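Chemist: Pasting the sequence and the predicted coordinates here, then a few questions.
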Amino acid sequence: MKKSLIALAALSTIAGSVAAQSSVTIYGRINPGYAMTESTTAAGIKTETFGYQANGWTSPRLGVNIVEDLGGGQQAVGVWETNIATEGASTGTVRQAFAGLKGGFGQVTVGN
């Protein structure tokens with residue numbers, strides 16, 4: 001009986017440490033493509049243009065999503081996401097960056 005209790009206690013300790021995990025997710029999107037546009041001038045002249053469109057229909061981005069389990073139903077959370085400049089020498093801009101705490105009370109974050 002005593003051995004069973006010791007084994008059960010050891011197993012519950014291992015299970016508890018496995019449940020408290022963290023995750024880091026790196027994600028992104030690049031959407032280049034070609035597009036054809038038609039336009040008509042005030043004089044009624046139609047023009048068609050076919051060419052490379054760096055950003056497609058959505059803006060390219062790269063981000064990191066972090067979740068750290070703190071135990072007791074609480075998690076530390078954080079996100080950093082930036083636009084990616086796919087054309088030219090310009091740099092990307094930060095879309096969102098925040099850190100916070102999540103639990104049974106909801107989620108509280110600070111940042112942009």
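Modeler: That came through, no problem.
Chemist: For the protein, which segments count as helices?
Modeler: Here the chain has its helices, by DSSP state H, at 2-19.
Chemist: Pull the contacting residues for the nearest residue in space to residue 35 that is not next to it in sequence.
Modeler: Of all residues not flanking residue 35 in the chain, residue 53 sits nearest, at 4.5 Å (CB to CB, 6 or more residues apart in numbering). Where you see a C-beta, it was placed from the backbone N, CA and C, and this is true even at glycine. Residue 53 is in contact with 32, 33, 34, 35, counting by CB atoms under 8 Å, 6 or more residues apart in numbering.
Chemist: of those residues, closest to residue 60?
Modeler: residue 32 (8.0 Å; CB to CB).
Chemist: so who does the spatially closest residue to residue 100 that is not a sequence neighbour touch?
Modeler: Of all residues not flanking residue 100 in the chain, residue 109 sits nearest, at 3.1 Å (CB to CB, 6+ apart). With contact taken as CB under 8 Å, 6+ apart, residue 109 is in contact with 77, 98, 99, 100, 101.
Chemist: Lovely, talk soon.
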